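Engineer: make a model of this:
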Amino acid sequence: GGDHDVELQLREDIVPEDSSCKIVKNEMFCTLAKRLPHTFDRLARDPVALGGGIKKDWGELPDPYASVGDDVVRQISAGELEELVFEKQTKTVIGDFSYSWCFSATRAQSMFINAARQLSSQSVVFVRVDSKEYPAVARHYDVSCGLQSHVYVLRKGEGLNKERKVDSEEIVVPAQESEFMSALRSRFEAKLVHITTEDELNDFKKSHNIVAIAIFDTSKGGNSAESLPEFQALTKAATVTRGLVPIGYIDRQLGGYVGPSVKVFKHGKEMDGGMKLVIDGGVLARMIGAEAFPLVSMYEYGVRESFDRIGIPIIQVFGHDKDTINLAQEVAKEYRGRLGLVRMSPQHYYMLEDHGMDEKSVPGVGITDSFHWNSMKYAHDGEMTVESVRATVDKYLAGTLPPSFKSEKTPPPGHHDKGTVKKVVKNTLSEVVGEDSQQDTLIMVYRPWMHTLKKARQTLAKVAEAFKELDRVTVASLDVSGNFFDRDIWRGMREMEEDPCIYMCPRGGGGCKKFYGQIAQKEIFQFAAKNSQTVKQQWDDKVKPQLKAMKKAESEAKEAAKKDSARRALEYEEEVKGFNDKVEKADELEIAAGVWKRVAVHGDSKLSPPRPHDQVKVHYTGTLASNGQKFDSSRDRGKPFTFTMGIQQVIPCWEKGVSSMVPGERAQLICDHKQAYGDRGAPPKIPEKAKLLFDVELLSTGPPSVHDEM
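Structural biologist: Presented below is the predicted three-dimensional model:
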């Protein structure tokens, strides 16, 4: 009892105009629209100290660093991070700033800790800064949940930059720990190696499989190499290629080389040509970095990550016939240093969809700005000849090639009934958000794996039914896993969004408005009325009557369901009584220790019992032996349960009991708790050390290929 002041510490910015609080039955509910990717909030005071006046509905995240000492990984604050970089003895700081709840973080953090145990030293320090606790770090390093985790390499300003500045470099954590260790070790080497003698020159050429050496001409003007704009570009290029191509530089007469130029050496031997020493660091990085790859690369994760890191656009070639392979070689020769060329193996032909094509397009060619899933893609729609592909690539380099977009197949005409949710794909999106759109569209943007999608779909279907009689208002949905995700349209939706997002897109274009809050009918209705004049103006005349009709139909359906449930309950009671009568008369057979069976209906003795790896289909009802309380039933769901024998998909009692049955048999399995859910049980329905009874009917069994349709 009593009043309590409750203080919430917000870990991120909110959108005030889209945030609100309301009081319902003496309880306050606040909806805060988050401006940046999700971070957890916390109570400033322990909930227990509030006398039960507030409920905490989140748990603590496991901390993989809890058992790791500071001598391995230092857990520090945002303020301590920069200071650490400038400690006299510190040369390199390796940082993990990830969110622990990201599914990619667990593996990456384990690798990070193992690397710290091996590589930590006085000059190399591994640190953990929790972006949940320090959102400024999350914003600065653009931390979010993604398919890949990242670590960051921080150093004092290098090269020309002598002021107090931190240089940072991002490393994508690869799949293999050995690759991660190699990537980290390469960052401990000097960014640029100053070569001053013939011996140093010869040693550097042979120091790695591939190296680059920049030659500066300082004979005129008396300027040092470090003062030239080309040196700044080389410094930037060296940061990008670190770990792929070590770079050194010469600022005096050595080896007979004449500058300004860049020479590339493979296995100590100079490659033909060389390249110009330009003042654009990005261009220079691409020119040098391209030499680290073969003329034509085969697609794999390491190649993908390296190309993206250097920033080289990629020509993707789909096809493995001789003509396509020869075409790839010829095209790669012409554009080496400007674009990379990667041949895609058959298991990766699905990537044609990203270019707006399908596997029927093989052999085919596409160009992508990067391997990022949502980067711009460009399809080659001409003949598969060197000349035709060259024309497409030249248009891409000139910026005149129109992009192609991933899109699901366009739904056939008439697929949408008014009062239902309309499916939208990329190729029909202009009907919703374009200048020619003729209606206001309430649209749900989602990906199939979002954990609240099922409930959101049900809510949206109800909204669509309520808007059935509205003029020029459509309720729609767009799956952005199968269609190009346009950040400019769906503002506020993250790449790895956990929940569907709702938008109202006005007719005639003008930008879609994002809904913030719980996806529930009342909140969606309020959002739609606020952002669509049509909904607001026709609410009383068309939406209210429809809602009334829906409520009546729902009430009638509930009443009918209630009667049907009562009927089925009577039938179930009669069936259970009949089954129990047969079980009482049957002998109790011990199948294994803690597993017994009583046969109520004998099956077909000509058929065999299930064998390991058979796919089994059963109907069952489970009850507690102590009081007969039913806790689960496939019969109530109206759908048989299917599982595979011998791979621990079910409790041991089932493995042993069902393996003793033949198709058509119906029996009671009696399961000791040790053969069921053990000492802990399965709360809340199954208590600890519970003995269970199962009414099991074996419907069919056989190899998986026979029952795949189940």
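Engineer: so for stretch 374-390, what's the average pLDDT?
Structural biologist: Stretch 374-390 carries an average pLDDT of 93.
Engineer: residues of it that come out buried?
Structural biologist: Judged by neighbour count (16 or more other CB atoms under 10 Å), stretch 374-390 contains these buried residues: 377-380, 384, 389. Glycine gets a C-beta too; all of them are placed from N, C-alpha and C.
Engineer: any idea how far D71 is from P246?
Structural biologist: 31 Å (CB to CB, to the nearest Å).
Engineer: who's more crowded, those two?
Structural biologist: In this view P246 and D71 are compared by other CB atoms under 10 Å, and P246 has more residues nearby, 22 against 9.
Engineer: related to what we said a few turns ago, would you list the buried residues of stretch 374-390 in a markdown table and tack on secondary structure and distance to R336?
Structural biologist: Listed next are the buried residues of stretch 374-390 as a markdown table, based on DSSP: H, G, I helix; E, B strand; the rest coil; distance: CB to CB, whole Å:
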| residue | secondary structure | distance to R336 |
| --- | --- | --- |
| K377 | strand | 22 |
| Y378 | strand | 19 |
| A379 | strand | 22 |
| H380 | coil | 19 |
| M384 | coil | 20 |
| V389 | helix | 15 |
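Engineer: can you list those residues in CSV and add distance to L32?
Structural biologist: Below are the buried residues of stretch 374-390 laid out as CSV (distance: CB to CB, whole Å):
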residue, distance to L32
K377, 37
Y378, 41
A379, 43
H380, 47
M384, 54
V389, 52
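Engineer: closest one of the residues you listed to S660?
Structural biologist: K377 (57.0 Å; CB to CB).
Engineer: so the closest one touches F405, yeah?
Structural biologist: Yes: shown here, K377 and F405 form a contact pair, counting by CB atoms under 8 Å, at 7.3 Å.
Engineer: what do these two both touch?
Structural biologist: Contact criterion CB atoms under 8 Å, 6 or more residues apart in numbering; residues shared by K377 and F405: G356.
Engineer: what residues are up against the closest residue to Q518 other than its chain neighbours?
Structural biologist: Among residues not flanking Q518 along the chain, T31 sits closest, at 7.1 Å (CB to CB, 6 or more residues apart in numbering). Counting by CB under 8 Å, 6+ apart, T31 touches 19-21, 516-518.
Engineer: tabulate those in a markdown table, adding columns for distance to M661, neighbour count and secondary structure.
Structural biologist: A markdown table is the format used below for the contacts of T31 (distance: CB to CB, whole Å; neighbours: other CB atoms under 10 Å; DSSP: H, G, I helix; E, B strand; the rest coil):
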| residue | distance to M661 | neighbour count | secondary structure |
| --- | --- | --- | --- |
| S19 | 59 | 14 | coil |
| S20 | 59 | 13 | strand |
| C21 | 59 | 9 | strand |
| Y516 | 54 | 21 | coil |
| G517 | 51 | 16 | coil |
| Q518 | 47 | 13 | coil |
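Engineer: just the closest of these to K542, please.
Structural biologist: G517 (24.3 Å).
Engineer: hmm, back to that, list phi and psi for the residue nearest to Q518.
Structural biologist: Dihedral pair for T31: phi -110, psi 120, per degrees, to the nearest 10.
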